[in-house]
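[1] Let me see the structure of the following:
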Amino acid sequence: MVSTIRTSAPGKLMLLGEHAVLHGSHCLVCAIDRRITVTLTPRPDAVVTITAGFGRYEGRLPELPDDECFRFVLAALRRHSDILPSGCDLVIDSDFPNVSGLGSSAAVTVAAIAAAFVWCDFSWSADVLHAASLAVIRDVQGTGAGADAAASTYGGLLDYCAEPISQRQVKHLPPIEVLYSGRKAHTTEVVAELEARRREDPHQIEAIFHAMDEGCGLAVNAGAAGDWQKFGEIINRNHELMTELGLSDTNLDSLVHDLQADPGISGAKLSGAGKGDCIVGIGQVENAEFAHERLGLQITRRGVEVA
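    Predicted coordinates:
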């Protein structure tokens, strides 16, 4: 029997192009230096156990009854149940900060599928892993561009497009500061609300998406040159675009503006679906009396790894 397998994948932050990426536009997404680790130990029976800091699950192949806490891992196991030789024990460890918006669902999906592929001696590449992870995410959520899974798979700072799928690394990595807004955003609900608005007024929403797409192109050029001042200006403009989409409010704007006001920050915006989760700034805070807790995250080139 195969011995224990350990894989890990990084979380992510969206820098530019949220929502627009669901409609063929480009986005900029990055991997962060916090990871989820999956340890898989094969069993001699059909039982599957999953253990994490927030709970425990037990089921049997091939049915694997639903559990909201482990829905992405269970969907990954169900989708690949035809190649699994037996049940297994999975242990999930995370060094993410206890906040939302950092791509834990994509990271655990990527790490779990990579562990299954290694266990089954399945021939795979990063592109194959990303495609498999995106399929699972769409099984669970009903939609998804795959940007989160791309960051968890490839690492680095990616210029990503979902239609057709493409990704390329931005040459340089900016320093970042990340704040938690204090509230959890429910991505699927926010996406559904914006989609309803897009159907009512497609011209306005698609014009904003087009502006976001243009901003991504400019930011890729700025990143290639290491011009973080220009990059930050584009970030600031994209926060304005997210506000136009109704994804910010007075309290969130206040946090963004406090970060923008620091002399070491060239730009800041909401990151992700909006209406909560994280705020990302380009640069490093210089004000020793900065009033908000920073998460201490940085961008990493490390993607999925097999120990």
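[2] Do a quick rundown of the strands in the chain.
    Taking DSSP state E to define them, one finds strands in the chain at 5-16, 26-42, 47-52, 55-60, 88-94, 157-162, 165-169, 176-180, 265-271, 278-283, 305-306.
[3] quick check: angle from the longest helix anywhere in the chain to strand 5-16?
    Looking across the chain with DSSP state H, the single longest helix is helix 202-225. Going by axes from the mean of the first three to the mean of the last three C-alpha atoms, to 10 degrees, helix 202-225 is angled at 110 degrees with respect to strand 5-16.
[4] what's next to helix 202-225, contact-wise?
    With C-beta atoms under 8 Å, 6 or more residues apart in numbering as the test, helix 202-225 has contacts from 15-20, 23, 25-28, 157, 159, 170-172, 174, 194, 197-198, 228, 230-231, 234-235, 237-238, 241, 244-245. Backbone N, C-alpha and C define where each C-beta goes, glycine included.
[5] Stretch 179-189 too?
    With contact meaning C-beta under 8 Å, 6+ apart, stretch 179-189 is reached by 97, 99-101, 141-143, 251-252, 255, 259, 270, 272-279, 281, 292-295.
[6] Could you give me the buried positions within the helix or strand of the chain with the lowest mean pLDDT?
    For the chain, using mean pLDDT, DSSP states H and E, the weakest element among its helices and strands is helix 187-200, scoring a mean of 92. Using 16 or more other C-beta atoms under 10 Å as the test for burial, helix 187-200 gives 187, 190, 191, 193, 194, 198.
[7] Also stretch 209-223?
    Here stretch 209-223 shows 209, 211, 212, 213, 215, 216, 219, 220, 222, 223 as buried, counting by 16+ other C-beta under 10 Å.
[8] so how far is residue 134 from the first one?
    Distance from residue 209 to residue 134, counting by C-beta to C-beta, to the nearest Å: 20 Å.
[9] Same check on residue 304?
    From residue 304 to residue 134 the distance is 14 Å (C-beta to C-beta).
[10] So this structure: which segments form each domain?
    Following automatic domain parsing, one gets these domains for the chain: 5-170, 176-283.
[11] Check the separation of the first and last residues in the longest one.
    From the first residue to the last, domain 5-170 extends over 31 Å; the measure is C-alpha to C-alpha, to the nearest Å.
[12] Use 895 as the first number from now on
    Understood, numbering begins at 895; the last thing we discussed is domain 899-1064.
[13] what sits against the nearest residue to residue 945 once chain neighbours are set aside?
    Closest residue to residue 945 apart from its sequence neighbours, by C-beta to C-beta, 6 or more residues apart in numbering: residue 985 at 5.0 Å. If you count contacts by C-beta under 8 Å, 6+ apart, residue 985 has them with 932, 933, 935, 944, 945, 946.
[14] Quickly name whichever of these is closest to residue 954.
    residue 944 (12.7 Å; C-beta to C-beta).
[15] Would you mind naming the residues that bridge with the closest one?
    residue 951, residue 984 (DSSP bridges).
[16] so residue 899 makes contact with residue 934?
    Yes. With contact taken as C-beta atoms under 8 Å, residue 899 and residue 934 are classed as touching, separated by 4.6 Å.
[17] quick revisit: dump the domains of the chain into a markdown table; add distance to residue 1193 as well.
    Putting the domains of the chain into a markdown table (distance: least, C-beta to C-beta, whole Å) gives the following:
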| stretch | distance to residue 1193 |
| --- | --- |
| domain 899-1064 | 5 |
| domain 1070-1177 | 6 |
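[18] winner for burial among these?
    For the domains of the chain, the largest average neighbour count (mean count of other C-beta atoms under 10 Å) is found in domain 899-1064, namely a mean of 20.
[19] Need the strands of the chain in CSV (columns: distance to residue 1024 and mean pLDDT).
    Shown next, in CSV, are the strands of the chain (distance: least, C-beta to C-beta, whole Å; pLDDT from 0 to 100):
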stretch, distance to residue 1024, mean pLDDT
strand 899-910, 11, 98
strand 920-936, 12, 98
strand 941-946, 23, 98
strand 949-954, 25, 96
strand 982-988, 20, 97
strand 1051-1056, 10, 98
strand 1059-1063, 8, 97
strand 1070-1074, 23, 97
strand 1159-1165, 21, 97
strand 1172-1177, 23, 97
strand 1199-1200, 15, 98
